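Asker: for reference, the sequence and a predicted model appear below.
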Amino acid sequence: MTGVTGPTGPAVTANNLMMFGTSPGTIPNATVPVTVRVHQDGTAISPGVQGTINLAANQTYYVDYRTNANSTGNVAAALELDGGPGSVTGSNAVATSNGITQVLAGSAIISTGATAGNLRLRNDGPLTSNFGSTAINVIKLK
């Protein structure tokens, strides 16, 4: 036995974006570019210039990333919104590489203010590093 079906609500993931990229030789503090759009729904999130991601104003987003990194010493990555200062709290990942590829991953909930935001994944380590199979997922929460 079934009852009356109510109205369908909005899709929870009506605005989302998945980007992918590979970046050999990324210097410290430079963007780890993600330039290949794998999937996009909606207009609140869009690919930016030089491997960054544009976020609409007055919104809250869930962001996660995963990348393979190697260097001659420590490797690190962090999310950065609008050029800093520093990384998005809780988004940085660090590992000792010494020539062995390490998986770095992080996630964060980010809110933009009255103006649109620009998000990037940054080489947060002290050395030039190789980043491969980098994926960033962004989902608008509200």
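Answerer: Done, it's in.
Asker: contacts only, for the closest residue in space to residue 140 that isn't next to it in sequence.
Answerer: Leaving aside its sequence neighbours, residue 140 sits nearest to residue 15 (Cβ to Cβ, 6 or more residues apart in numbering; 3.7 Å). Just so you know, the C-beta spots here come from the backbone N, C-alpha and C atoms, and that holds for glycine as well. Residue 15 makes contact with 41, 42, 43, 44, 45, 56, 139, 140, according to Cβ atoms under 8 Å, 6 or more residues apart in numbering.
Asker: next one: residue 83
Answerer: For residue 83, the contact set (Cβ under 8 Å, 6+ apart) comprises residue 118.
Asker: run through who's touching the helix or strand harbouring residue 39.
Answerer: Per DSSP states H and E, residue 39 falls inside strand 36-41. The contact list for strand 36-41 (Cβ under 8 Å, 6+ apart) reads 11, 13-21, 46-47, 135.
Asker: other SSEs contacting the helix or strand just after that strand?
Answerer: Next in sequence after strand 36-41, counting helices and strands by DSSP H and E, comes strand 45-47. Packed against strand 45-47 by the contact rule (3 or more Cβ pairs under 8 Å, 6 or more residues apart in numbering; DSSP states H and E) you find strand 16-26, strand 36-41, strand 53-55.
Asker: buried residues, the helix or strand of the chain with the lowest mean pLDDT. List them.
Answerer: Using mean pLDDT, DSSP states H and E, the weakest-scoring helix or strand in the chain turns out to be strand 93-96, at a mean of 90. Residues of strand 93-96 classed as buried by neighbour count (16 or more other Cβ atoms under 10 Å): 93, 95.
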